[in-house]
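Visitor: Predicted model and sequence below, questions to follow.
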Amino acid sequence: MNRSLWGCNVIFDYDQTLVPEESLQEVLKLSLRRRHDSEARIAALQARSQRFMAGAARPEDPLILLGALLSIQREAIDDYIAGALDRITPFRPLFQSLRGQGARLFIVSAAFHDWLGPIGAACGFPAEAIAANRLCWIGRQAVGVGDWTLLTSVDKTALVRRWGRRGAMSGPTVIVGDGASDLAIHASGLAQGFVSASYYAHGVTADGDLARRASAIEDLEPMIVDLLVRIS
């Protein structure tokens with residue numbers, strides 16, 4: 001077995017990187033599907049989420065976002081997971097190949113562990129390799145947020161830095177993602193290599209010898225391996 005990537009790390013974003021959608025929006029659509037104003041509420045939530053990730057949230061945004069999250073039901077998450085497991089299928093050979101070469105794989109996302117945990121587990125990611133926000137529940141209804149620490153670029157970068165300090169992630173690292181929060185982890189030096197996921201959305205552009213742009217899922221493995229070999 002080729003173990004050329006032993007001791008290397010690959011971090012994946014989730015939304016618009018491993019699936020073509022923003023998962024929170026899809027879960028909310030499923031939760032609100034019987035409401036006449038669901039489209040307007042989803043559009044408003046999207047705008048507020050984008051401001052959060054850009055570090056430009058308005059004072060009223062947290063309460064409005066929290067109110068939307070309280071509409072989520074377990075049934076909607078179950079329906080979302082069933083569809084997402086199909087949509088993530090093209091990445092399974094990539095995960096298997098990278099692990100076979102010795103790489104450690106992680107997911108760091110502003111999505112919620114309530115659906116990302118089961119999806120990641122089905123793709124071979126242990127719970128400790130998945131970082132996401134979490135909801136609180138009473139029965140099958142969301143009643144609050146238990147952990148909401150991955151909203152901005154600063155949050156994601158701080159989490160990866162903590163992993164490094166604890167020894168949970170050490171060695172050459174490449175991050176794959178479509179957004180500014182993923183690029184920030186590369187810019188901080190915590191992930192020396194960066195692959196812009198541009199096959200589902202127009203991913204952010206990064207300059208430098210250790211940055212790549214993937215226009216197709218099939219581009220990912222050769223780019224990731226090349227970067228890790230260069231960094232090692």
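Guide: Thanks, I have it.

Visitor: Excluding residues flanking it in the chain, which one is nearest Arg230?
Guide: Leu210 (6.7 Å; CB to CB, 6 or more residues apart in numbering). C-beta coordinates here come from the backbone N, C-alpha and C atoms, glycine included.

Visitor: Number of residues surrounding the one you found?
Guide: Number of residues near Leu210 (other CB atoms under 10 Å) recorded here: 17.

Visitor: For it, list the residues it contacts.
Guide: If you count contacts by CB atoms under 8 Å, 6 or more residues apart in numbering, Leu210 has them with 186, 192-194, 227, 230-231.

Visitor: can you rerun that using 6 Å?
Guide: 192-193, 227 (CB atoms under 6 Å, 6 or more residues apart in numbering).

Visitor: Next step: the residues you listed restricted to helices.
Guide: Within the contacts of Leu210, residues falling in helices by DSSP state H are Leu227.

Visitor: Doesn't Leu45 belong to a strand?
Guide: No. Looking at Leu45 with DSSP: H, G, I helix; E, B strand; the rest coil, it is helix, so not inside a strand.

Visitor: I'd like the distance from the nearest residue to it once chain neighbours are set aside to Gly164, if you could.
Guide: In space, Leu45 comes closest to Ala68 once its chain neighbours are excluded; the distance is 5.0 Å by CB to CB, 6+ apart. As judged by CB to CB, to the nearest Å, Ala68 and Gly164 stand 33 Å apart.

Visitor: So in this protein, where's the weakest helix or strand by average pLDDT?
Guide: The weakest-scoring helix or strand in the chain, judged by mean pLDDT, DSSP states H and E, is helix 38-53 (a mean of 68).

Visitor: For the helix or strand hosting Ile11, output the C-alpha coordinates as PDB.
Guide: In this assignment (DSSP states H and E), Ile11 forms part of strand 9-12. Written as PDB, here are the backbone C-alpha positions of strand 9-12 (Å, rounded to 0.1, in the frame of the first residue of the first chain):
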ATOM      1  CA  ASN A   9      -3.800  16.300   6.700                       C
ATOM      2  CA  VAL A  10      -6.600  17.300   4.300                       C
ATOM      3  CA  ILE A  11      -9.400  19.600   5.600                       C
ATOM      4  CA  PHE A  12     -12.600  19.700   3.600                       C
END
